[in-house]
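Novice: Here is my input, please return the structure:
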Amino acid sequence: MKFLIPFYLGIGNAVMFTPFLSTLRNKFPDASIHLIGGLPWEPEKILPAELFDEFHFLPKTAPFSGIMNMLSELPDLDVYFHPYQGSNYKFLMLLRILRPRVTVIGHAGLPGFRGICNRLLLSRGYSWKSGVHESRKYLNLLSGLQISDKEFISVPKIRSVPSILAPGYIVIHPGTTCNQESPKKYPLEHWLLVLKMLKESGRQLVLVGDRTELELGNRLTAGCDFPVRNLIGQTTVSQLSGVLGSASLVLGADSGIAHMAGAQNVPLIVLWGPTDFSLSHPLGDKVHFLKKDFPCAPCTSAFRRSEKNAHRRCPESPCMNSISPQEIVDLALEILK
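Specialist: Coordinates of the predicted model:
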């Protein structure tokens, strides 16, 4: 069997997709699994090598000629998966024209344009089931290959790499996704208080994040009169994975970095506010959540309001701001005992 799977996903969704890949590989150990994607963070650098055979780079903005060239280079395919997130409709349309015998399995019942396209283009459609965790939504597509629920592997998995730091440190991710306007952000002044209180733990404090969050790291380190290792924007995705995987504890809001830590079974505290918990919380045996139940939450998701619009409607984000620094530190010290 030869499978092709689009992989235009951010880090968090990529981690939540790994149970699908693990289950597919476990059921078809000799299959050829190909991924296609075009994101700059190189998802193949965190996916375990045994979960796929080849990653093909194709930006979503590629012209039809580029897609046709890619299709001509791909091997004969048996199944193309079309999940409701991370897909490429332009690629799917050409695939259906140029490779009409390929079975296309995807999510049915989606609203709007995507729902119309899926009804026309899918060979087999399976409900995306609102209110179900993202990882389970992906797994449900495997029903199209007669894989039962009992065979699903629900634990996320990412590549294990050594850390660039000596063990015994606490990781803090003070940002969110690409530092965009988001109600998921925890106030910088609160993070500063957390750092100052965690200083008493005697452990090295390490800041992580991407290049868009450089200012956050600079402002936090400038506000501390003690050493804080600032790795924001200084690591590759692979190095970041190693830093997270060897941490004594990781702290942060809902983000791809939290999902990476949870997948490595690292003690993790996630500050949770405006996102739908049932859909996308990080998975793992050592994940702890601090969240307040506000009647207006959740206010953002793929089919509700964008994070940017939610932030504009509620810039104060009380569901996040009401989590006190003392609560975070108390839980952190309890975990570290």
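Novice: next one: stretch 205-213 to chain centre, how far?
Specialist: Its chain's average C-alpha position is 17 Å from that of stretch 205-213, according to CA atoms, centre = their mean, to the nearest Å.
Novice: Pull out the buried positions in that stretch.
Specialist: 205-210, 213 (16 or more other CB atoms under 10 Å). Backbone N, C-alpha and C define where each C-beta goes, glycine included.
Novice: now stretch 273-289
Specialist: Going by 16+ other CB under 10 Å, stretch 273-289 has these buried residues: 273-277, 279-284, 287.
Novice: Widest-spaced pair of the residues you listed?
Specialist: P274 and G284 (21.4 Å; CB to CB).
Novice: just to revisit the earlier point, in terms of distance to S135, which of the buried residues of stretch 273-289 ranks first?
Specialist: Closest to S135, out of all of the buried residues of stretch 273-289 and judged by CB to CB, is L283, at 6.6 Å.
Novice: who touches the helix or strand containing V171?
Specialist: V171 belongs to strand 169-173 when assigned by DSSP states H and E. Strand 169-173 is contacted by residues 191, 194-195, 198, 201, 203-209, 229, 243-244, 247-253, 255, 257-258, 261, 332, 336 when judged by CB atoms under 8 Å, 6 or more residues apart in numbering.
Novice: From P75, how far off is L98?
Specialist: To P75, L98 is 14 Å away according to CB to CB, to the nearest Å.
Novice: Tell me who's in contact with P227.
Specialist: Contacts of P227 (CB under 8 Å, 6+ apart): 204-205.
Novice: Let's see the pLDDT reported for it.
Specialist: P227 is assigned a pLDDT of 95 by the prediction.
Novice: same check, this time on the one 5 residues further on
Specialist: Predicted confidence (pLDDT) at I232: the value is 96.
Novice: cool, and L51?
Specialist: 96.
Novice: ok, it touching P19?
Specialist: No. The criterion here is CB atoms under 8 Å, and L51 misses it with P19 at 10.2 Å.
Novice: Pick out whichever of those two has more residues nearby.
Specialist: A direct count of neighbours by other CB atoms under 10 Å for L51 and P19 places P19 higher, at 24 against 20.
Novice: Assess the claim that the more buried one and V155 are in contact.
Specialist: Yes. Using CB under 8 Å, P19 is in contact with V155, at 6.5 Å.
Novice: Specify the next element, helix or strand, located C-terminal of the strand holding V171.
Specialist: Using DSSP H and E, the helix or strand that directly follows strand 169-173 along the chain is helix 188-198.
Novice: So what are the sheet partners of the helix or strand following that following helix and their directions?
Specialist: Remark: after helix 188-198, the chain's next helix or strand is strand 204-207, criterion DSSP H and E. The sheet places strand 204-207 alongside strand 169-173 (parallel), strand 229-230 (parallel), with pairing taken from DSSP bridges.
Novice: Not counting the shortest one itself, show me its contacts.
Specialist: I take that to be strand 229-230. 165, 169, 204-207, 217-218, 220-221.
Novice: Generate a markdown table for those residues, with pLDDT and distance to R114 as supplementary columns.
Specialist: Converted to a markdown table, these look like this (pLDDT from 0 to 100; distance: CB to CB, whole Å):
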| residue | pLDDT | distance to R114 |
| --- | --- | --- |
| L165 | 97 | 43 |
| Y169 | 98 | 43 |
| Q204 | 97 | 46 |
| L205 | 98 | 43 |
| V206 | 98 | 40 |
| L207 | 98 | 38 |
| G217 | 94 | 37 |
| N218 | 95 | 40 |
| L220 | 96 | 40 |
| T221 | 96 | 43 |
